[in-house]
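>>> Quick one: sequence plus predicted model below, questions after.
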Amino acid sequence: AAGVRPWRCAEIRVALPARIDLAGGWSDTPPHSLERGGAVLNAAVTIDGILPIQVEARRLAEPAFHFASGDLGVEQTCTRLDDLLDYANPHDPLAIHKATLAYVVLGGSRPRRTLGHLIEALGGGLSLHSNVRLPKGSGLGTSSILAATVLSTLGEVCGLAWDKNALFTRTLALEQMLTTGGGWQDQAGGIFRGIKMIETSSGLKQS
């Protein structure tokens with residue numbers, strides 16, 4: 001677990017809005033975005049005045065990672081490294097939780113030591129609980145914005161202080177780990193507030 005940053009805080013909550021697509025959808029998706037760039041007009045929205053995509057992280061005394069989705073009613077406790085790294089299944093309702101933690105604390109690589117050694121280096125286990133107050137597959141960016149919310153939460157726990165642009169690009173990298181790929185407008189719609197026109201240039205780096 002060399003290079004692992006220990007947890008910097010005991011508990012934190014982060015919430016982001018959903019997004020609605022107004023114009024330009026699919027111009028954010030390869031191959032169009034890679035060849036010509038993209039332009040999307042979207043808006044960040046609350047639901048009944050509440051930021052609907054919510055994540056809480058809390059340190060645990062026990063040597064385990066506990067993941068839960070309140071809206072989907074599922075949970076899992078990882079006590080082995082293989083449990084944590086088993087995230088490349090888009091149908092797994094906790095894949096985002098596992099992939100994000102692996103990305104933040106391991107950089108997406110597989111350590112040579114056990115999960116116990118990793119947790120010891122981090123300073124304890126962690127509970128990661130999400131609650132999305134929208135139906136899964138609603139088309140409001142719930143999966144991508146959930147990934148950005150989990151990233152933001154874990155970034156705060158680790159004291160990484162990512163700005164919105166870093167969060168945007170790291171969410172793109174995380175989606176590649178999840179094998180889902182896709183465009184960038186969903187997470188951009190939640191990370192950047194208000195109504196906005198978002199444009200990117202062509203090329204592999206969408207910025």
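Now that the structure is in, tell me what you want to look at. Since we're looking at a predicted model, the values are computed, not measured. Residues are numbered from 1 along each chain as shown.

>>> what sits up against the helix or strand of the chain with the lowest mean pLDDT?
The least trusted helix or strand in the chain, going by mean pLDDT, DSSP states H and E, turns out to be helix 32-36, with a mean of 83. With C-beta atoms under 8 Å, 6 or more residues apart in numbering as the contact definition, helix 32-36 has outside contacts at 26-27, 38, 183-184, 200, 202-204, 206. To be clear about C-beta, it is placed using only N, CA and C from the backbone, and glycine gets the same treatment.

>>> Among those residues, name the buried ones.
27, 38, 183-184, 200, 206 (16 or more other C-beta atoms under 10 Å).

>>> Show me the two of those that sit farthest apart.
Greatest spatial distance in the buried ones among the contacts of helix 32-36: Ser27 and Gln206, 11.1 Å, computed using C-beta to C-beta.

>>> Quickly list what's touching both of these two.
33, 37-38.

>>> can you pull the contacts of the nearest residue to Ile47 once chain neighbours are set aside?
With sequence-adjacent residues excluded and distances taken as C-beta to C-beta, 6 or more residues apart in numbering, Ile47 is closest to Arg133, at 5.6 Å. Going by C-beta under 8 Å, 6+ apart, Arg133 touches 47, 50, 52-54, 71.

>>> which stretches of this protein form strands?
11-16, 18-23, 38-45, 53-60, 65-69, 74-78, 125-132, 195-200 (DSSP state E).

>>> pLDDT of stretch 98-105, averaged?
Stretch 98-105 comes out with an average pLDDT of 93.

>>> ok, Val157 to Leu146 distance?
Computed as C-beta to C-beta, to the nearest Å, the Val157 to Leu146 distance reads 17 Å.

>>> Perfect, I'm done here.
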